[in-house]
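Asker: Here's a sequence, model it:
(one chain, ligands or ions: 2)
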Amino acid sequence: MSEPCVFCSIVAGDLPSRRVHEDDRVLAFMDINPISDGHLLVIPKSHARDLHDVPAEDLAACALVAQQLATRAVDRLDADGVNLLQCSGEAAFQTVFHVHLHVIPRYAGDPARDRLGQQWTPVHTPGDPERIAEVAARLA
Ligand code: AMP
Ligand code: ZN
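Answerer: Numbering: from 1, shown residues only. Ligands and ions are numbered 1, 2, ... in the order given. Sure thing, here's the model as predicted:
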């Protein structure tokens, strides 16, 4: 038998969660280990393991809910910005194997509300143009 899925248990109501949105397809609830004030997770109710596995309609529905909640975080929590994060695979830090989008409100210069700090500052080191072109050709 496959392992019980924590997020399926949340969908079923067998595990507690602080829900902020629910519709036929999608559930959004607060992350229990928030990296910032308002950090929440958006999931399809129907189990899918990761980005590769989730049906397009569920992913699209989750993306729209994530957008709405990101806007709400700015309007109601005074977030200065929002990061959306999706981790697929252990190498990408996925720990719960029920696909989810993280909505992470960001608060500039406020470490009490935003513990992400500078960890995700994009690097501004130019890449090798040939390598970029080669990879683009493989992805196109
Ligand atoms: P990831 O590393 O992208 O798989 O993220 C999994 C997230 O799920 C982490 O941020 C956890 O804090 C969060 N999480 C795990 N269990 C629960 C739970 N029972 N309720 C809410 N969030 C959870
Ligand atoms: Zn699940």
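
Asker: Next one: the nearest residue to Leu51 once chain neighbours are set aside from Asp50, what distance?
Answerer: Nearest residue to Leu51 in three dimensions, chain neighbours excluded: Ser88, at 4.1 Å (Cβ to Cβ, 6 or more residues apart in numbering). Every C-beta, even on glycine, is put in place using the N, C-alpha and C of the backbone. Distance, Ser88 to Asp50, by Cβ to Cβ, to the nearest Å: 4 Å.

Asker: Tell me if stretch 54-74 is near ligand 2.
Answerer: No: shown here: stretch 54-74 not in contact with ligand 2 (Cβ under 5 Å from the ion), separated by at least 10.9 Å.

Asker: returning to what we had before: doesn't the residue nearest to Leu51 fall inside a strand?
Answerer: No: assessed with DSSP: H, G, I helix; E, B strand; the rest coil, Ser88 is coil; it does not lie in a strand.

Asker: Contacts only, for it.
Answerer: Neighbour list for Ser88: 50-52, 94, 99 [criterion: Cβ atoms under 8 Å, 6 or more residues apart in numbering].
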